[in-house]
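K.L.:
Generate coordinates for the sequence data below:
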Amino acid sequence: MAISFPRSMRSLQRDSFRLSLVALVVTILLLLAWSAWLFLAKVPLYETSRQFEVQRDGSLAVTFSPQALARIRPGQSAVLRLAETAEQGAQAYSALVMNTPTTGSRTNQVELYVFSPDLLPPGLAGEVRVEVEYVSPARLVMRSAERYVNR
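P.N.:
Numbering: from 1, shown residues only. So this is what the prediction gives:
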């Protein structure tokens, strides 16, 4: 049996749409917060190398690829993460890029100063990560999309 027209009109007049309005406002606020994060957040990008040796003065000579060297500059921060051994757990030290090879140089080594209370022993294994830039998540998405488009 169908509802009569006057009853359906009264039902629509009594409905305030308050719940729908609250849901719409909450959705808009969440989209604004997500958009702000997408365009304003800063994500660090790193160049990584596992080839390094400890110098006599305690600094590190780290070998990077030529593409990575183009992005590394003196003054950038770095992290030395030592591999876990039987005697010690994994360790991490802050470091700073001191020198980079000059243009035309045959070496691909970067000199890092490690902030360590003790002199590091030679023959360590691990990984060096140099912070090369900060980008927004939106920029990362655009770079990834470019790679697929330019294939």
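K.L.:
what residue ranges in the chain are flagged as low confidence?
P.N.:
Counting by pLDDT under 70, the chain contains low-confidence residues at 1-3, 5, 86, 103-105.
K.L.:
show me where this structure has strands.
P.N.:
With strands called from DSSP state E, the chain shows them at 43-49, 52-54, 60-63, 77-82, 91-99, 109-114, 126-135.
K.L.:
What residues sit buried inside the shortest one?
P.N.:
The reference is to strand 52-54. By 16 or more other Cβ atoms under 10 Å, the buried positions in strand 52-54 come out as F52, V54. For every residue, glycine as well, the C-beta is placed using N, CA and C.
K.L.:
If you count contacts, what does that strand end up packed against?
P.N.:
strand 60-63 (3 or more Cβ pairs under 8 Å, 6 or more residues apart in numbering; DSSP states H and E).
K.L.:
can I get the strands of the chain in TSV with distance to A70?
P.N.:
Output for those, formatted as TSV (distance: least, Cβ to Cβ, whole Å):
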stretch	distance to A70
strand 43-49	10
strand 52-54	19
strand 60-63	15
strand 77-82	16
strand 91-99	14
strand 109-114	12
strand 126-135	9
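K.L.:
Quick one: closest of those strands to V141.
P.N.:
Across these, V141 has its closest neighbour in strand 126-135 (10.1 Å, Cβ to Cβ).
K.L.:
List the strands paired with that closest one, with their directions.
P.N.:
If you go by DSSP bridges, strand 126-135 pairs up with strand 43-49 (antiparallel), strand 77-82 (antiparallel).
K.L.:
quick check: angle from it to strand 109-114?
P.N.:
Angle of strand 126-135 versus strand 109-114, following axes from the mean of the first three to the mean of the last three Cα atoms, to 10 degrees, is 90 degrees.
K.L.:
now strand 126-135: how far from the chain's centre is it?
P.N.:
9 Å (Cα atoms, centre = their mean, to the nearest Å).
K.L.:
rewinding a little: which among the strands paired with strand 126-135 is found nearest to S116?
P.N.:
Here strand 77-82 is closest among the strands paired with strand 126-135 (Cβ to Cβ), at 8.3 Å.
K.L.:
No further queries at this time; thank you.
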